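Peer 1: just a sequence and a predicted model for now, questions to come.
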Amino acid sequence: MISVTIDGPAGSGKSTISKIISKKLGFVHLDTGALYRAVACFIKKSNIDFENENDVKKCLKDINLKIKKVGNEQRILLNEKDLKNELRSLDITKIASKIAAYQSVRDYLLNFQRDFAKFQNVVMDGRDIGTVVLPQASVKIFITASPEVRAKRRLEQILKNGENFDYLEILDSIKKRDYEDTHRKIAPLKKADDAILIDNSDMNLSQSVESILSIIKEKVDNI
Ligand code: CDP
C-alpha cells in the first residue's frame, strides 16, 4: 500500500493539508492528533488525573476507538460516540499534549495507526508518523512555519469555533508545545532523515497543497 506521512508542529497546517491531499489522491486520511485528543476526552470525562501516568495507563483498556467515514470526512468514535468539535477545545489540547508523552498511551495508539495503513492507501499526519509509526512510508513530508504564523492561523481557527483568545497567549502556548513536543523522551517531534522539509510560512493553503502534491507525484509512479 502507499502511505504518505505528514509530520510537523502545531499550526503548521498538517491536518487541513492532509485532508485536501488525501481527497485529491483518493487516499484515506488519518489525523493521528485526533486520536490523542480522543484519549484526552475520555480522561476528562472520567475525571482521571491526567498528570498521573499510572491512572491514565489503567483507563486505556476502557477506551474503544473507531474511525467512521461520514462523506469524505473521518470521524472518531470514542466508545461508539462521535466526538465532533469537542476534540479541539483548549483544555483537551492541553491534556492531549501531556498524555502524548506517556509510553503507555503511545503504545496503545501505535498498533491502531499501523493497522490503519495496512490495507489501504493513506495520508497520515502527526508528529512521529515518518519516524516511528510508518518508517517505511512511500513519501515523508515535514511541514513547518514560524511560530508567529502558526499562532495567527490557530487564532483564526479558534475564532471560527466561536471561542476567543489573545494572540500572545496562543503564541506562548504554541512555543511551549513546540518545546514539549520536541524535547519529550518518547517519539519527539522530529523530521525523519528521509523526509522532505517544507516551510510554508509564506505559502497560502493551495500553494502548500500543490508543493506537497508535486513531491508525491515525483516519488510515486502512476499516481
Ligand atoms: O492540531 P495540533 O497540531 O494543535 O495538535 P494535534 O496534531 O491535534 O495533536 C494534539 C497533541 O497530540 C499534540 O500536543 C502532540 O503532542 C500529540 N501528538 C503526538 O504526540 N503524536 C502524534 N502523532 C500526533 C499528535
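Peer 2: Now that the structure is in, tell me what you want to look at.

Peer 1: just for the protein, where's the confidence low?
Peer 2: Within the chain, the stretches with pLDDT under 70 are 71-72.

Peer 1: which parts of it are helices?
Peer 2: Taking DSSP state H as the criterion, the chain carries its helices at 14-25, 32-45, 53-59, 90-99, 103-116, 147-160, 167-183, 205-219.

Peer 1: TSV for the ones you listed, including distance to residue 134 and mean neighbour count?
Peer 2: No exception for glycine: its C-beta is placed from N, CA and C like everyone else's. Rendered in TSV, the data for the helices of the chain read as follows (distance: least, C-beta to C-beta, whole Å; neighbours: other C-beta atoms under 10 Å):
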stretch	distance to residue 134	mean neighbour count
helix 14-25	13	20
helix 32-45	10	22
helix 53-59	25	15
helix 90-99	21	19
helix 103-116	7	16
helix 147-160	24	17
helix 167-183	18	15
helix 205-219	14	15
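
Peer 1: the ones you listed: which one's closest to the ligand?
Peer 2: For the helices of the chain, the distance to the ligand is smallest for helix 32-45, at 2.3 Å, taking C-beta to the nearest ligand atom.

Peer 1: kindly format the C-alpha coordinates of that closest one as PDB.
Peer 2: What follows is the C-alpha trace of helix 32-45 in PDB, where atoms were taken according to Å, rounded to 0.1, in the frame of the first residue of the first chain:
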ATOM      1  CA  THR A  32      -3.400  11.000  14.500                       C
ATOM      2  CA  GLY A  33      -3.500  14.100  16.700                       C
ATOM      3  CA  ALA A  34      -7.300  13.500  16.900                       C
ATOM      4  CA  LEU A  35      -6.600  10.000  18.400                       C
ATOM      5  CA  TYR A  36      -4.500  11.600  21.200                       C
ATOM      6  CA  ARG A  37      -7.300  14.200  21.700                       C
ATOM      7  CA  ALA A  38      -9.900  11.400  21.800                       C
ATOM      8  CA  VAL A  39      -8.000   9.700  24.600                       C
ATOM      9  CA  ALA A  40      -7.800  13.100  26.300                       C
ATOM     10  CA  CYS A  41     -11.600  13.500  26.000                       C
ATOM     11  CA  PHE A  42     -12.100  10.100  27.800                       C
ATOM     12  CA  ILE A  43      -9.700  11.100  30.600                       C
ATOM     13  CA  LYS A  44     -11.500  14.400  31.100                       C
ATOM     14  CA  LYS A  45     -15.000  12.900  31.000                       C
END
